[in-house]
Every structure is written in structure tokens, then in C-alpha cells.
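Visitor: fold the following.
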Amino acid sequence: MPTFRAALAALALSIPLALPAMAQEGGTTEDTQRALAAGWKATFTCSGLFVAGQTQQELDQNELSGIYPDYARYFDQLPPARIDQSRKTVSVDYSPLMPPRLAAYRPGFGCTQLPVGATEKALDFLPRFAAWPEYTTQDRGSAIGSNVKVELRLEEAERLEMPVTAAFDEMTYGAGTRTSSVIVVRDGQVVAERYARGVEHETPQRTWSVGKSLTATIIGAARRQGLIDIDYPAVIAAWNKGADPRREITIRNLLHMASGLDSGENGSRTDRLYFGGGRVVDQAATSILEVEPGSRFKYANNDTVIAMRALREAMADDTRFHRFPYEAVLHKIGAVRTTMEIDWNGDFISSSQVWATGRDLARIGQLYLQDGMWAGERLLPEGWVEFVRTPAPAQPADAASRGGYGAQFWLMNNVPGVPEGTFYAAGNRGQYIVILPALRTVVVRQGYDTIGGARFDIERFVLDVTRALQAADADRGLAAEDLRRAAEAENAAAATRRPR
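Guide: Numbering: from 1, shown residues only. Reported below is the predicted structural model:
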């Protein structure tokens, strides 16, 4: 049997030298960079318009500003996007020698970007839902559901007013940060909720890497149904050949960001997939091993999308696979305004290309607070919540200062004053779901922070929310004590008035 290192070396020699360029963050030439910039503009215009329902002014302000500087410099050179309302397509010209970049909306799938060089003829080959899984099941959940009896909780509302308001002032938690929504849910009740102008509770926004945590949730649901074993090697056809050492990579490795694959210098930049119309399956096929699986943490979009690809290959039924996230998780918890977008080959780009409302994100967090249960039904296997929030064997180099990593969730165990066991989902431009089991609370923050600019200080915000909730508990306790004493006094007074 060949050794791991020998097999790794053999694989490296067997892959054409031109392929590693596919794993680079962006383009290697001006033409490619311009094509990717046009792809960004086409994709975000399409999703912002047809998924989120934004106006052109909102698109310009939210989706087409504050972007990666290496693409922003091309935006002034690009013409306005051409929008075809009847076909629900968006095209952006970028070169006289090439067709425009194209993105197309399809119900259930959101917007899909065609590869560089593709023409409108390719639209006919995009995946479609034969029958979109309509939301027909009444939300029976005991948390933030349409049928939940809302209890007015003045103590929380009053104490949370200050930090929630400050989150929108573009200064307190980061100079220049732009908050679009904040929701605080406690005991299944929305106790604080606020939106920026132009944003409502039904407005979906791109989750960016919060989608990774949703991916872990979907994988958990698949495990619950016996569709996948996270300790078995991932089912990836491109790896299942000969002595390919990648066939030893497990779903657990992928969820822990410990696949060992080469994901470029910056694993969070898979621009050829996100903006170049690349395919998830190509990301899997062309990524070679750098280290033994499980031995190193490296934050990588590829690990997430490959985990979802493994679920697709394990299910071997595309119709069922495409419906699964909605029928097994999202629609079960009432998250009916969440859209998971796909590449043109039908794979979910779930590491980032997910659009969801703040309330839908809160529902995902609440599912974890309830140990994977919803309306009396177990959606996630027993122990799954503990799995995603337990530090992975291989940790980030800055784990001591940042708090560490579990399974597609970050850990907030490094902030004095924040309860132990707090964990969270985090995405680019300031997207967060923070789960505080000790306080029975979920905190959601969405934003349009400038990429490369000031970061929203989520740790400080959560600390302020924690203190506010603890103060509310104290207020409630004092109020209850006052009521008890008043009742005792009234009873004593009544006793003296009774005839003897």
C-alpha cells in the first residue's frame, strides 16, 4: 500500500500544471479581472433585484458598493447592467471580444451565474425545479412563528434600547459600519427588532459565510435521516480513483475546515466560483492536498461547498437533493424567505450565496437553542448542537484571541462577560447569528459593512446585549419582589380589617 506522502506526490504529478491557477483568488490578467468584476455586477444585480426586491438605488448603495477593492476599480469602466424583466436575466458587457457576463433568476434557485464566455443559448440548460416545494405546512413552532402568542416583555425592550440603537449609529461598534437589521430573540420571543431605512422584516439579504453554518445544519438533518455518515469518506466521484489520497477526506474533516486541500492563499476567496461562473465540482476536482486530512485548520469556502456536493452524490437524486434543505430544515422552521443559490451545474454555493431575512436567521439560531427540535419534531440528531460548538481538533492560529472554531460555527469563548458556551455564525460585510444558550437568546445582526473597512465589533455588541438582558432579569426579579411584598402588606392589612 502506498504511503500517504507517496500518494500525495503521485497525485500532484498527475494533475496538469495549468490546473492550480483555478484555485487562485481572482484573475491572473486584466481581462479576467474585468470579467470577474462584471460577474459580480451581474450576479448581485440579479439577486438584489429578483430575490431581495431592491430598487436600483438600493442596489447601488448596498450590493454594488463597499465591495472588494480589486473589483471596485473596474466598476467605473463597466456600463450599466442590462435587465430583462421578462426573462429575469441580467447582463453586463465588459469586453468587445467576449459575450457579456450573464446571470439568470429561476424560482427556488435564485440567481445563477453563467461561466465566462457563455451566451444566452446556455440559459436553456440551467437547472429548474420541476415543482418548487411550496410552503404548505403551518408553522407550529414555539418560537417566532406566525402563530406564536407574543408576550410584551418591557424589561428586555427597555434595557436593549441603548445597544440596539447604537448598532445603527455607524460609530459605536465600528466607524463607518452599516447595520441593516438587528433582532434579539429570547425564550422564542422577539424582544428587540430594528431595521435600516428600506429594509423590512421580509427583506432577504445575502448571508455570505453565515451560509456555512446553514450548510452544517443541512448536513445535520441529512445525518438525522440516515443519508450521510460524517465519519465516512466524502462521496466525491473525482476523488474515487486509484490511490487518490483525497478519498480519505471525511465530512467531519470538511465541516471542521480541516480537509487538507489547497484552497489558495486566502481560502475565503473563491472568486472564480462566486463571480466567474465556475462549478463546485471543479473546485473539488482541481484542489490537491497540501497536508494530511484533519491535521490543519484552514478556513476555506471549498470545504463547505464540497461537503454539500458530497451530500448530493450520496443522495444520487437531484430532485430530492434540491428540495432537501427546504423540506428538511427551512420550511420546517418557518424560514420561507430563504433562498439557496446554485451554480449552473446544480450545486448549492452554500458557503456564501444564500439570501435570508433577519427573522429566518433568528429561526436557525433558535433551532440550535432548542437542541435541534422544532414543534416537537427532531430535525437535527441528538448531540449535533454539541458537535458544532465543540472546538475542532485542529484550530486556527489565532484561536486564543478569536475564540476558536467548531463545525462551521465560530466560538465566542474569549470575551469576558459573555456566557460560556456562546457560539456564532459569521459572514462577510457583518452578518452574524449569535447563540447564547445560557441566556436562552439569539442575536442577529445584518449589515453592509465595507469589505476591508472597519469591522462591526460583534463581541462588544453581544457583551452589551448580555449586560442588558442580565439587567432585565434583575429588574424583573426586583419587580416580582415588590409585588410579593405588596401582596403580603395587603394581606396583612386585610387581616386587621376582618371582624373578630
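Visitor: now the strands for the stretch 1-150 of the chain?
Guide: All strands of the stretch 1-150 of the chain, identified by DSSP state E, counting those that start in this stretch, fall at 82-84, 89-92, 101-106, 110-113.
Visitor: adding distance to Val329 and mean neighbour count as columns, could you present the ones you listed in JSON lines?
Guide: Bear in mind the C-beta positions are built from the backbone N, C-alpha and C, glycine included. Shown next, in JSON lines, are the strands of the stretch 1-150 of the chain (distance: least, CB to CB, whole Å; neighbours: other CB atoms under 10 Å):
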{"stretch": "strand 82-84", "distance to Val329": "32", "mean neighbour count": "14"}
{"stretch": "strand 89-92", "distance to Val329": "29", "mean neighbour count": "23"}
{"stretch": "strand 101-106", "distance to Val329": "21", "mean neighbour count": "25"}
{"stretch": "strand 110-113", "distance to Val329": "17", "mean neighbour count": "26"}
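Visitor: Ala166 is nearest to which of those?
Guide: Taking CB to CB as the criterion, strand 110-113 is the member of the strands of the stretch 1-150 of the chain that comes nearest to Ala166, at 33.1 Å.
Visitor: identify the residues contacting that closest one?
Guide: Strand 110-113 has contacts (CB atoms under 8 Å, 6 or more residues apart in numbering) with 39, 42-43, 46-47, 50-51, 90, 101-106, 126-127, 275-277, 339-344, 353, 355.
Visitor: and with 6 Å instead?
Guide: Strand 110-113 has contacts (CB atoms under 6 Å, 6 or more residues apart in numbering) with 39, 43, 46-47, 51, 103-105, 126, 277, 339, 341-342, 344.
Visitor: and stretch 121-131, by the same measure?
Guide: Here stretch 121-131 makes contact (CB under 6 Å, 6+ apart) with Ala104, Arg106, Gly108, Thr112, Leu114, Trp344, Gly346.
Visitor: ok, which pair from these is furthest apart?
Guide: Checking the contacts of stretch 121-131 with CB to CB, the most distant pair is Gly108 and Leu114, at 18.0 Å.
Visitor: who has more neighbours, those two?
Guide: Shown here are Gly108 and Leu114; by other CB atoms under 10 Å, Leu114 has more neighbours (27 against 18).
Visitor: what about the closest residue to that one other than its chain neighbours, distance to Val164?
Guide: Once flanking residues are discounted, Leu114 sits nearest to Leu102: 4.4 Å by CB to CB, 6 or more residues apart in numbering. Using CB to CB, to the nearest Å, Leu102 is found at 41 Å from Val164.
Visitor: got it, and Gly403?
Guide: On the measure of CB to CB, Gly403 and Val164 end up 23 Å apart.
Visitor: comparing those two, which residue is more hemmed in?
Guide: Val164 (24 against 21).
Visitor: who's in contact with that one?
Guide: Residues in contact with Val164 (CB under 6 Å, 6+ apart) are Val182, Ala192, Arg194.
Visitor: measure stretch 101-121 end to end?
Guide: Stretch 101-121 has its terminal residues 13 Å apart, counting by CA to CA, to the nearest Å.
Visitor: same question, stretch 101-115
Guide: In stretch 101-115, first residue to last residue: 8 Å (CA to CA).
Visitor: go on, stretch 45-58?
Guide: 10 Å.
Visitor: what's the answer for stretch 427-441, then?
Guide: Stretch 427-441 has its terminal residues 20 Å apart, counting by CA to CA.
Visitor: and for stretch 116-127?
Guide: For stretch 116-127, the end-to-end distance is 18 Å (CA to CA).
Visitor: name the residues of that stretch that are buried.
Guide: Within stretch 116-127, the residues that qualify as buried are Val116, Ala118, Ala122, Leu123, Leu126, Pro127, counting by 16 or more other CB atoms under 10 Å.
Visitor: same list (those) but as JSON lines, adding distance to Arg296 and pLDDT.
Guide: Shown next, in JSON lines, are the buried residues of stretch 116-127 (distance: CB to CB, whole Å; pLDDT from 0 to 100):
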{"residue": "Val116", "distance to Arg296": "32", "pLDDT": "97"}
{"residue": "Ala118", "distance to Arg296": "36", "pLDDT": "97"}
{"residue": "Ala122", "distance to Arg296": "38", "pLDDT": "95"}
{"residue": "Leu123", "distance to Arg296": "41", "pLDDT": "94"}
{"residue": "Leu126", "distance to Arg296": "37", "pLDDT": "90"}
{"residue": "Pro127", "distance to Arg296": "34", "pLDDT": "85"}
